[in-house]
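>>> quick one, structure for this:
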Amino acid sequence: MNIRFSTRALIDLEKLHDYLLEKSPNGYRNVATAIETTVRDIPGNLFRGRKTPIGEVWERVVPKYKYIIPYCIRGDTCYILRVYHSSRPGLDYDAPLDVREGIAEK
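Numbering: from 1, shown residues only. Prediction:
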């Protein structure tokens, strides 16, 4: 299964990098590794996450660091829609979901 990140998810990751790397390089590496591990686990456990108000979107949580990763599956591709801390504004579930726009392959 392919994994692709939305433009918004890539922006989330860039902001995380810029914020945490300055404060704690080791902390950044730990958080980044936990997020990467969670994302890589999604294709093997598609519906292990929690359901959202949009039936086709699921969320995985990185428990130790409280990051939320909403994703959806289309065909043989897992689309990562966002990567955000639970204290931050998340995915707008009232907005139309369009995974065709602004997707980068990983």
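>>> so which bits of the longest strand along the chain are buried?
Determined from DSSP state E, the single longest strand within the chain is strand 67-74. Within strand 67-74, the residues that count as buried by 16 or more other CB atoms under 10 Å are 67-73. Any C-beta I mention is one placed from the backbone N, CA and C, and that applies to glycine too.
>>> same check on stretch 1-13?
Buried residues in stretch 1-13, counted by 16+ other CB under 10 Å: 4-6, 8-10, 12-13.
>>> what's the answer for stretch 28-36, then?
If you call a residue buried by 16+ other CB under 10 Å, then stretch 28-36 has these buried ones: 28, 31-32, 35.
>>> adding distance to L21, write those residues out as a markdown table.
Shown next, in a markdown table, are the buried residues of stretch 28-36 (distance: CB to CB, whole Å):
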| residue | distance to L21 |
| --- | --- |
| Y28 | 5 |
| V31 | 10 |
| A32 | 9 |
| I35 | 14 |
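>>> just put those in a markdown table and tack on secondary structure.
As requested, the buried residues of stretch 28-36 are exported to a markdown table (DSSP: H, G, I helix; E, B strand; the rest coil):
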| residue | secondary structure |
| --- | --- |
| Y28 | helix |
| V31 | helix |
| A32 | helix |
| I35 | helix |
